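> predicted model follows, preceded by the sequence.
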Amino acid sequence: MILPKSPRLSDAQVAELTAIVAEFDCRLQPIIGAVRTIYAILGDERDKLMINRIEGLDYVDRVDRIQSPFKLMDRRSDLASHRITMGGVTLGQELFVIAGQCTIDPKNPNYFYETAAAVKEAGAHVIRGGVWKPRTNPYSFQGDHKSLDILMEASNRTGLPVDAEVMDEDHLKMALDAGVHMLQIGARNALNYSLLRSIGKAIAKTDTVVLLKRSIHMGPIEEFIAAAEYIVSFGNPNVLLCPRGTKPGLDGYRNHPDESITPLLKEKSWAPVVVDPSHSVGRAAYVPACAMAAIAYGADGLCIEAHVEPIKGIGDDPKQALNPAALTKTISQAKRLWNITHEVPAT
Ligand code: PEP
Ligand code: MN
């Protein structure tokens, strides 16, 4: 990772660095931060001669060598000072909340508009709404691209940014063309490296944020962080890690709740952690407790399924979504707990 002396290098300086690293079979990737741009060396960066040549350039402050499978996401990376801001919240400075329906019902758009208004009223910062859905049963409702218009209309009406899952490159293009602010990568696709790469490339020069769910099948924490590295390595560092439960599920819960991995993720990565209690436990009655546990374990945010009338919802909403009263209470308690856990100790 090359740290220049100035906030940004000139085109000629970038060209010079690109040529040097190419001689050693590496690639230069600018990572544009709010304050300054850093330049990652992608490839095997251990060649001492390459490092010496770069450190000899008068516009280079130093080269940081992090021997990590995820050198950009590593907490020792210079990107650790990067801050992600969305819906008026800077992650890490106050509790960040995404809420909304699992699935938008294209036949009943008013439910989504009412849910969006309720989610805003409850104090959330981003509205989620499933447009395309990964369903276990191939004959279940798979989502409908018409729901994209409903999602964007909800954003217009509330003024809040919106989040939707994309499962392939067609969805990705449609979502970006429509102006979706946050792209969700679901638990089934979090290990789909070619999709991760496509998303990384497509958003490289934008401020789009990615919510990367933890795959049901991910074991070691490193696998999760490395999946985020795939996206960030193309230049956009706005990735949030989202634990959402893994397999095998516990009897009575949809998955094995994994909100307790947050401190372990934070030992290794600077990435903000936004826990999804809804898919972790899979039943509305248990979602508030899981949300509180997530905050107690140090989550920066929550992603909660909510519906103005859960029983009328589709997808996961009838069993999993919080109604507006439960959502309001959960967000308000979670914000209080977040503030308590972030109190600066009296000196
Ligand atoms: C969802 O958010 O509705 C969803 C399908 O999530 P996951 O990918 O975590 O199962
Ligand atoms: Mn869902």
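Arrived safely, thanks for sending. Ligands and ions are numbered 1, 2, ... in the order given.
> neighbours of the closest residue to ligand 1 within the stretch 51-200 of the chain, just the number please.
Closest residue of the stretch 51-200 of the chain to ligand 1, Cβ to the nearest ligand atom: Gly186 (2.8 Å). No exception for glycine: its C-beta is placed from N, CA and C like everyone else's. Gly186 has 22 neighbouring residues, counting by other Cβ atoms under 10 Å.
> nearest spatial neighbour of it, chain-adjacent residues omitted?
Glu165 (4.9 Å; Cβ to Cβ, 6 or more residues apart in numbering).
> which residues of the stretch 101-250 of the chain lie near ligand 2?
Cys102 (Cβ under 5 Å from the ion).
> and the stretch 101-250 of the chain, which residues reach ligand 1?
102, 130, 134, 165, 186-188, 213, 244 (Cβ under 6 Å from any ligand atom).
> now, those residues that are in strands?
The members of these that map onto strands under DSSP state E are 165, 213.
> of all the residues of the stretch 101-250 of the chain next to ligand 1, which comes closest to Glu23?
Nearest to Glu23 out of these is Lys213 (Cβ to Cβ; 39.1 Å).
> for that closest one, report the pLDDT, please.
pLDDT, Lys213: 98.
> that older thread, of the residues of the stretch 101-250 of the chain next to ligand 1, closest to Thr37?
Using Cβ to Cβ, these come closest to Thr37 at Lys213, 28.8 Å.
> which stretches in the stretch 201-347 of the chain count as helices?
Along the stretch 201-347 of the chain, the segments classed as helices by DSSP state H, counting those that start in this stretch run 221-232, 262-268, 277-281, 287-296, 317-320, 324-341.
> mean confidence for the first one?
So that's helix 221-232. On average, helix 221-232 scores 97.
> show me what that helix is packed against.
helix 193-202, strand 209-213, strand 239-242, helix 262-268 (3 or more Cβ pairs under 8 Å, 6 or more residues apart in numbering; DSSP states H and E).
> winner for burial among these?
strand 239-242 (a mean of 27; mean count of other Cβ atoms under 10 Å).
> and Ala99, what element?
strand 96-101 (DSSP states H and E).
> now the closest residue to ligand 2 within the stretch 101-250 of the chain: how far from Leu160?
Residue nearest to ligand 2 within the stretch 101-250 of the chain (Cβ to the ion): Cys102, separated by 3.3 Å. Separation of Cys102 from Leu160 (Cβ to Cβ, to the nearest Å): 18 Å.
> repeat that for Leu79.
27 Å.
> of these two, which one has the most company?
Using other Cβ under 10 Å, the more surrounded residue of Leu79 and Leu160 is Leu160, with 24 against 21.
> got a list of what that one touches?
Going by Cβ atoms under 8 Å, 6 or more residues apart in numbering, Leu160 touches 87, 116, 119-120, 124-127, 154.
> chain neighbours aside, what residue packs nearest to it?
Ile127 (5.2 Å).
> three-state assignment of that neighbour?
strand (DSSP: H, G, I helix; E, B strand; the rest coil).
> that one pairs with what?
Here Ile127 sits in beta bridges with Ala99, Val162, going by DSSP bridges.
> is it correct that it is in contact with Val119?
Yes - applying Cβ atoms under 8 Å, one finds Ile127 in contact with Val119, separated by 5.4 Å.
> shared neighbours, those two?
With Cβ under 8 Å, 6+ apart as the test, Ile127 and Val119 both reach 99-100, 158, 160.
> redo the helices and strands packed on helix 221-232 as a markdown table? Include distance to Glu23.
Shown next, in a markdown table, are those (distance: least, Cβ to Cβ, whole Å):
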| stretch | distance to Glu23 |
| --- | --- |
| helix 193-202 | 24 |
| strand 209-213 | 33 |
| strand 239-242 | 31 |
| helix 262-268 | 32 |
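> out of the ones you listed, nearest to Gly219?
Nearest of the helices and strands packed on helix 221-232 (Cβ to Cβ): helix 262-268, 12.4 Å.
> report all helices and strands that that closest one contacts.
helix 221-232.
> ok, and what's touching the helix it packs on?
Residues contacting helix 221-232 (Cβ under 8 Å, 6+ apart): 31, 69-73, 79, 190-191, 193, 196-197, 199-200, 203, 210, 212, 214-215, 218, 239, 241, 261, 264-265, 268-269, 271.
> what angle separates that helix from helix 193-202?
40 degrees (axes from the mean of the first three to the mean of the last three Cα atoms, to 10 degrees).
> next one: helix 221-232 to chain centre, how far?
11 Å (Cα atoms, centre = their mean, to the nearest Å).
> quick one: that helix to strand 209-213, angle?
150 degrees.
> dump helix 221-232 to PDB, keeping only the CA atoms.
Output of helix 221-232 as PDB, limited to C-alpha atoms (Å, rounded to 0.1, in the frame of the first residue of the first chain):
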ATOM      1  CA  ILE A 221     -13.800 -15.100   9.900                       C
ATOM      2  CA  GLU A 222     -11.100 -14.600   7.300                       C
ATOM      3  CA  GLU A 223     -13.300 -16.000   4.600                       C
ATOM      4  CA  PHE A 224     -15.900 -13.300   5.300                       C
ATOM      5  CA  ILE A 225     -13.400 -10.400   5.300                       C
ATOM      6  CA  ALA A 226     -11.700 -11.800   2.200                       C
ATOM      7  CA  ALA A 227     -15.000 -11.700   0.300                       C
ATOM      8  CA  ALA A 228     -15.200  -7.900   1.200                       C
ATOM      9  CA  GLU A 229     -11.700  -7.500  -0.100                       C
ATOM     10  CA  TYR A 230     -12.800  -8.800  -3.500                       C
ATOM     11  CA  ILE A 231     -15.100  -5.800  -3.800                       C
ATOM     12  CA  VAL A 232     -12.900  -3.100  -2.200                       C
END
